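Enquirer: sequence? don't have it. structure:
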């Protein structure tokens, strides 16, 4: 009997959940808009809002798994979507195309900005994104001409070339950090955009770390170095986000401390990129020598 009562109280019809959601939202807006936070009516509104949130969460918990299974089934029924989800080589191919397109867009925007504003700041990033685009183009060109796993010797040479180019990226990163510190340059995002960029930056960083370990297990040098490039670019995005955070929320922080933090972050990122590039170069060179000695 008690179980049925609780079920009726917690698992409500959809129309009633919608009514409760609208009413509790409107009541909360009124409480905070008119400064009634500590009035007796406000506590009743808080209880109503808590109850509505509980009911809404339970409804989502009960409903969403079925919808997710249905959507997942429809996705896997599509040939290309199914291949993207199940074939890591095809997924790497698609991600390289998307990343190359984004990099080329960034190159164009920064090159135009450098010409319009006559500043080296945008010029540095135009060069940076050009280098990232070149590496992705080299990997795409190799994947078009050769199947992954067909020629390990070719994959090793292409991944080593990209690692050498990645070493050069550190020079661009060093120039950007010096301009941030010396000329107080950086990035800024207005309003809620900074939160959106923060969420996006953390997402791509976590995704890059996961891909770094997941694709390494596949044993393909080309696929591994493509994820290293993705991880390196995610780290640089973290540096950009740091400067934006200082611009937005660092008003009470001493400029000297901000510059020190930027230098430490930039130096740490440069060191990580160098270590990854050297690791790829050393491992690839060792394998190439062994393969040349056996032939």
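Expert: Received, thanks. Because the structure is predicted, anything quoted here is derived from the model rather than measured.

Enquirer: Name the residues that touch stretch 177-190?
Expert: 120-121, 124, 196-197, 239-241, 243-244, 246-248, 255, 259, 262-263, 266-267, 270 (CB atoms under 8 Å, 6 or more residues apart in numbering). The way it works is simple: take the backbone N, C-alpha and C, and place the C-beta from them, glycine included.

Enquirer: Show me which of those residues are buried.
Expert: 121, 124, 197, 239-241, 243-244, 246-248, 259, 262, 266, 270 (16 or more other CB atoms under 10 Å).

Enquirer: okay, among these, which ones form the most distant pair?
Expert: 248 and 270 (24.7 Å; CB to CB).

Enquirer: For the residue nearest to the spatial centre of the chain, give me its contacts.
Expert: In the chain, the C-alpha nearest the mean C-alpha coordinate belongs to residue 204, at 1.4 Å (CA atoms, centre = their mean). Going by CB under 8 Å, 6+ apart, residue 204 touches 230, 234, 237.

Enquirer: so it is in which element?
Expert: For residue 204, the host element (DSSP states H and E) is helix 193-216.

Enquirer: need the next SSE after that helix, C-terminal direction.
Expert: Taking DSSP H and E, what comes next after helix 193-216 is helix 221-249.

Enquirer: That next one packs against which elements?
Expert: In terms of contacts (3 or more CB pairs under 8 Å, 6 or more residues apart in numbering; DSSP states H and E), helix 221-249 is packed against helix 88-117, helix 120-145, helix 152-182, helix 193-216, helix 255-294.

Enquirer: how distant is stretch 111-125 from the center of its chain?
Expert: Distance, stretch centre to chain centre, for stretch 111-125: 25 Å (CA atoms, centre = their mean, to the nearest Å).

Enquirer: Next, the distance between the ends of that stretch.
Expert: 8 Å (CA to CA, to the nearest Å).

Enquirer: what's it in contact with?
Expert: Contacts for stretch 111-125 (CB under 8 Å, 6+ apart): 106, 110, 126, 172, 175-176, 179, 183, 185.

Enquirer: now do stretch 39-52
Expert: Residues contacting stretch 39-52 (CB under 8 Å, 6+ apart): 17, 20-21, 23-24, 27-28, 31, 36.

Enquirer: out of the residues you listed, which are buried?
Expert: So, by 16+ other CB under 10 Å, the buried ones in the contacts of stretch 39-52 are 17, 20, 24, 27-28, 31.

Enquirer: For residue 122, give its distance to residue 187.
Expert: In this view, residue 122 and residue 187 are 12 Å apart by CB to CB, to the nearest Å.

Enquirer: For burial, what's the neighbour tally of residue 251?
Expert: 7 (other CB atoms under 10 Å).
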